[in-house]
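Asks: sharing a model prediction with you, sequence too.
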Amino acid sequence: MFSKGEHIFAIVFFIAFVIGISFAYRKDKGNDKDYFKGIYKIILAIIVVFSLLFLFVTLKRLNYF
């Protein structure tokens with residue numbers, strides 16, 4: 001489906017992307033405490049909403065509603 005060159009490009013791009021993201025994270029790691037106070041509450045709320053949505057869709061598909 002993909003040529004050998006496209007596979008090599010994808011692998012090299014992925015490796016370079018991961019390295020770039022890790023350097024950026026290390027650089028910003030000190031600012032996280034200032035900028036992201038209380039972020040765990042937002043992440044928890046997102047997880048709860050998606051869990052409830054998943055539960056609703058699953059129960060609807062099984063004809064419980």
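Replies: Looks like it came in fine.
Asks: please pull out the lowest mean pLDDT helix or strand from the protein.
Replies: Per-element confidence for the chain was summarised using mean pLDDT, DSSP states H and E. The lowest value among helices and strands belongs to helix 32-35, with a mean of 74.
Asks: report the backbone C-alpha coordinates of it in CSV.
Replies: Output in CSV follows, covering the C-alpha atoms of helix 32-35 (Å, rounded to 0.1, in the frame of the first residue of the first chain):
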residue,chain,number,x,y,z
ASP,A,32,3.3,23.8,34.6
LYS,A,33,2.6,24.5,38.2
ASP,A,34,1.8,28.1,37.5
TYR,A,35,-0.3,27.7,34.3
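Asks: figure out how far whichever helix or strand comes after it is from the centre of its chain.
Replies: Proceeding N to C from helix 32-35, the next assigned helix or strand is helix 39-61, under DSSP states H and E. Here helix 39-61 shows a centroid-to-chain-centroid distance of 15 Å under the convention Cα atoms, centre = their mean, to the nearest Å.
Asks: can you tell me the average pLDDT over helix 39-61?
Replies: Per-residue pLDDT values across helix 39-61 average out to 93.
Asks: same check on stretch 4-19?
Replies: Computed over stretch 4-19, the mean pLDDT rounds to 96.
Asks: pull that stretch out as CSV, backbone CA atoms only.
Replies: Output of stretch 4-19 as CSV, limited to C-alpha atoms (Å, rounded to 0.1, in the frame of the first residue of the first chain):
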residue,chain,number,x,y,z
LYS,A,4,9.4,1.8,1.2
GLY,A,5,10.3,5.5,1.1
GLU,A,6,7.0,6.5,2.6
HIS,A,7,7.5,4.0,5.5
ILE,A,8,11.0,5.4,6.2
PHE,A,9,9.7,9.0,6.1
ALA,A,10,6.9,8.1,8.5
ILE,A,11,9.3,6.5,11.0
VAL,A,12,11.8,9.3,10.8
PHE,A,13,9.0,11.9,11.2
PHE,A,14,7.6,10.1,14.2
ILE,A,15,11.0,9.8,15.9
ALA,A,16,11.7,13.5,15.2
PHE,A,17,8.3,14.5,16.5
VAL,A,18,8.7,12.6,19.7
ILE,A,19,12.1,14.1,20.3
